[in-house]
Each structure stands twice: as structure tokens, then as C-alpha cells.
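S.K.: how does the following fold in three dimensions:
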Amino acid sequence: MREIRFLSMDLSLFAVCLVMALAFANGANDVSKAIATLVGSGITNHRTAIAWGTAWTVIGACASALVATAMVTTFGSGLIEPGVATPPALALSVLVGSMVWVLVASRTGLPVSTTHALVGAIVGAGLAAFSGHGLIWSALAGKIALPLLLSPFLALLLSLLLHPVIRAIAARWEGTCLCLMPGARALVTVDARGFTRTLIQTSALGRPLVAVPAQCDSAGLSGLTVGLDTIHWISSGLTALARGTNDTPKIVAILLLSGTASAWGGSELHTATFAGVALAMGFGSFFGGLRVTETLAEKVTRMDHVEGLSANLTTSSLVLISATLGLPVSTTHVSSSAIIGIGLLKGIEAVRWTTVRDMVLAWVITLPAAAVLACLAYLVLSGLQ
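M.R.: Okay, the predicted model is just below:
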């Protein structure tokens, strides 16, 4: 009995280590989806953008413990038939198959979907373990496959509709600015010719300082500038937060397949696992996110800061809504499709179609590649037990 319990604990530790490794691989591939527009539009360099995306990814990963429980249920127990005993090798092989494929893609600079890799790995390992009879195929099709297939088209459509609106707002924004003057305790507008008009004036002291954007300097007013670049930074942070919120519960849920949750039990495992995944994802983002960032930022289409802002708003809104509803969409597909949509608005020739072709091929290959890797991993691991 003691030997069996010790073996179970060893498998649980191994499963947790693999979960952290998958989180690292996810960070290396997916941080680019949030910050590529900052680099592509020339607002900042690669390293600063990656550091910014890493910080917000960790915040989103931690927040997912509170808002994304539906995703944990979908991936942890909603794809296997009730009453079917899951062998320990199942979850381990799912983790190995998805992790290896995402690491290979990250190394070659291809933006692939961790969600796709996990789904492919679950199917591959499930076929090896149950001959396909233990999987809930309707749930795989309705809860996972359908959102994954529809999300790129929704992102493309939304970016095509949203960007002209953002562009029009940006044109008016750049023509007039707001400046809060602490000395005069007044909020004024400044137009492109430098004319000012007082909107609000108060007798209260200690008001915060904020200005929008460049004409305040030419008008001789001082303030903390909040221009379109600032909004772009914020939208990038929101996209990274959405990505962390969307991906973390899928990775954590694989522990439910391994039985680790029941072996260690309780809220302590829940908290520790989410925290560990958040940190591992952060390390992967910071130390491994450069190659894919270069691909999305520089090899799909050129962007200015307004176009990058539109792509980020499209990505963050779709991914956050999907995460809270428990619908697993791919941040990779949403972000890439939004960037392609921005390029299409400038003309077909503005998109580098060879890069898009390579990305689409990587998306198509991800499911079968992860499935084959997970199937092989299951055969090896089950033979060792």
C-alpha cells in the first residue's frame, strides 16, 4: 500500500512538472500575440514589449483562477465519458504531446495554438487509451472544435469593422487634446492650432495630472501625456491579460485527468497550481518569446500604432469574452487573423502571404502532430508502468 501511494505521488509530481513545462512553452509561443503590434508599429523594441506582455500575462494567469472555472471543467472532465477510468499515462502523454509540439513551433518562430495542441493531444492519447470509445465526441465538436473554427473568421470580420471606427476616432483625437492644469485647477482643450478652451475649473487642490496628447506642449501646458500610444500600450496589456486568462485553465485542467487533484486535494493544490503555471508562463514569455514576436510583428504586414491598437482591441475583447463563457478559442488564431484583417484593409498586396501560408500550415498541422506525439508518448509511458 505504501509503495502504491509513493508511486502515485511520483506520478503526480511528474504531471505537475510537465504542466509547468507546457506553461513555459505556451508563454514562449503566445506572448507575441499580445505585444507584436507594439513592435510592428514601432512604438517600442522587442525586449521592452516582451517584458510588458510577460507582466500582464502573469496577472491574467493568476486572475483565471477566479473567472475561468468553466474552462477547467471543460478540459478536465468534460471530454471523457463519465465512469471511464483514466490511466495515469493519459494525462502525462497529453502534456508531453502538446508541450513538445509547442516548443518545436516556438523554436522555429511559428505562432501555433496551445489550445489546438491540447485538443489534438487529448484525441491522440484518448484513441490510444480507449480506442476512441471513452471520448465525448459531441463535446469535442461543440465545445472546442466549433469555437476554434469560428474564432479566426470572427476576428477577421471584427477587425475589418472595428479598424475604420478606431481610425476615425484617432484622427479626431490627434486634432485636439485635453490637458488638466494643476496650477489653474482647470481642464482645457487644445486644438491643432494651439487655441485653448476651458471645460472645467475647480477650487479643489491636489487634483491628479493628465493630458491628451501632443498639443499641450506646443500650447505651453504641462501634464502627463496620454495619447494614442498610451492607449495602444494599455490595449496590449489587456490582450496579454486575456491570453493568460484564456490559456491557464486549459493547462491546469490536465491535472484533473491525471488524478493529481484527488491525490493532493483541496484549495491548496488549486492555488499552488495556478500560481506555478502563472510563473512558468511568465518565464517562458520573457526568455522564449522573441522568435514568434519577430514573425508576427515584422513578417505579416506593416502596422502603425492605430492599426496595432485595432488589432489588440479585437483580440482582447474576443478572448476575454470567450474565457469567461468557458469557450476555448485560440489567442494565436484570433490575434493573427486580426492582424491579417488590418493588412487587408490596406490592400491584398500589403499582406505577406508567404508568411500567412506558413502560419496556416502550422495551424493545420498542429492537431495531427500533437495527436501523434501524444499517442506515441502514451504507448511508451503505459509500457513503462
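S.K.: and residue 348, what's its pLDDT?
M.R.: pLDDT for residue 348: 81.
S.K.: same deal with residue 96?
M.R.: 92.
S.K.: what is the distance between stretch 52-68 and the centre of its chain?
M.R.: Mean C-alpha position of stretch 52-68 versus that of the full chain (CA atoms, centre = their mean, to the nearest Å) differs by 10 Å.
S.K.: if you count neighbours, what's buried in that stretch?
M.R.: 52-65, 68 (16 or more other CB atoms under 10 Å). Any C-beta I mention is one placed from the backbone N, CA and C, and that applies to glycine too.
S.K.: which among those gets closest to residue 159?
M.R.: Distance to residue 159, by CB to CB, is smallest for residue 53 among the buried residues of stretch 52-68, at 19.5 Å.
S.K.: tell me the phi and psi of that closest one?
M.R.: phi -60, psi -40 (degrees, to the nearest 10).
S.K.: and the closest residue to residue 367 other than its chain neighbours, how many neighbours does it have?
M.R.: Leaving aside its sequence neighbours, residue 367 sits nearest to residue 120 (CB to CB, 6 or more residues apart in numbering; 3.9 Å). By other CB atoms under 10 Å, 26 other residues sit near residue 120.
S.K.: what helix or strand is residue 120 on?
M.R.: Applying DSSP states H and E as the criterion places residue 120 in helix 114-130.
S.K.: the protein - how does it break down into domains?
M.R.: 2-164+228-384, 170-218 (automatic domain parsing).
S.K.: most tightly packed of these?
M.R.: Comparing the domains of the chain by mean neighbour count (mean count of other CB atoms under 10 Å), domain 2-164+228-384 ranks first with a mean of 21.
S.K.: would you agree residue 339 is in contact with residue 36?
M.R.: Yes - contact between residue 339 and residue 36 holds when scored by CB atoms under 8 Å: they sit 7.2 Å apart.
S.K.: so what sits against both of these two?
M.R.: residue 296 (CB atoms under 8 Å, 6 or more residues apart in numbering).
S.K.: which stretches of the stretch 1-150 of the chain have low pLDDT?
M.R.: Within the stretch 1-150 of the chain, the ranges that satisfy pLDDT under 70 run 1-11, 67-80, 82-85, 132, 139, 142-144.
S.K.: now the helices for it?
M.R.: 2-30, 32-40, 46-67, 69-76, 88-108, 114-130, 137-139, 146-175 (DSSP state H, counting those that start in this stretch).
S.K.: returning to that earlier point: residues touching the residue nearest to residue 367, list them.
M.R.: 97, 98, 101, 366, 367, 368, 369, 370, 371, 374.
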